[in-house]
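> Have a look; sequence and predicted model below, questions after that.
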Amino acid sequence: MDTAREAALALSVTAKFVHISTNGGDGTPDIRVVFNLKRRTRTGALPKAFATLEDGFTTYIGTNASSRKTAQALADPRCALYYENTRSFQGLTVYGRLESVEDRAVKSALWKKGWEMYYAGGLDGGDFQVFRFVPERARYYHGLATAELEA
């Protein structure tokens, strides 16, 4: 594995947040920030929900089923994720598509105590939407160097 890919993968599991860009109905990009559910725990382990996901830039995104982002993703699954570390001038854009996840076991593995305040009715209340992000390609930069990466 090359150094840029290793650094990009490390960034994707250490960044606290990820920016997601979906396509609005008129084709305009719509960007917002979400929790990075793939962020490694304090012990360095990946969250349990990622144990069965393939390696690489594949991830899950959790959001409100009632949100504009969910409607956009269901209408046009193409999107981009952006991870950053502003202290070290690193950035990673991963291009791909979103697939709706209906598997309760996956949703349960991703669920965090306290999220009831964000999702009406909790885990099974109907407003917790999960998407699997399927990567297609990536672009990583650090300082003044950039690298095009296969997903």
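Alright, I've got the coordinates. Keep in mind that what you see is a predicted model, and the values were worked out from it rather than measured. Numbers count the residues shown, from 1 in each chain.
> would you put the C-alpha positions of the helix or strand hosting Ala4 in CSV?
Assigned by DSSP states H and E, Ala4 belongs to helix 3-14. Presented in CSV, the C-alpha positions along helix 3-14 are these (Å, rounded to 0.1, in the frame of the first residue of the first chain):
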residue,chain,number,x,y,z
THR,A,3,2.0,6.1,1.7
ALA,A,4,-0.7,8.5,0.4
ARG,A,5,-3.3,5.8,0.5
GLU,A,6,-2.3,4.8,4.0
ALA,A,7,-2.4,8.5,5.1
ALA,A,8,-5.8,8.9,3.5
LEU,A,9,-7.3,5.8,5.1
ALA,A,10,-5.9,7.0,8.5
LEU,A,11,-7.6,10.4,8.0
SER,A,12,-10.9,8.7,7.2
VAL,A,13,-10.9,6.9,10.6
THR,A,14,-9.5,9.7,12.7
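> helices or strands up against that helix?
Judged by 3 or more CB pairs under 8 Å, 6 or more residues apart in numbering; DSSP states H and E, helix 3-14 is in contact with strand 78-85, strand 90-101, strand 128-142, strand 145-150. To be clear about C-beta, it is placed using only N, CA and C from the backbone, and glycine gets the same treatment.
> So which bits of it are buried?
The neighbour-count check on helix 3-14 (16 or more other CB atoms under 10 Å) flags 4-5, 7-9, 11-13 as buried.
> And stretch 102-117, by the same measure?
Buried, per 16+ other CB under 10 Å, within stretch 102-117: 106-107, 109-111.
> Repeat that for stretch 56-67.
56-63, 65.
> and of those, the nearest to Gly96?
Set against Gly96, the nearest of the buried residues of stretch 56-67 by CB to CB is Phe57 (7.5 Å).
> Next, that closest one: secondary structure please.
Per DSSP: H, G, I helix; E, B strand; the rest coil, the secondary structure class of Phe57 is coil.
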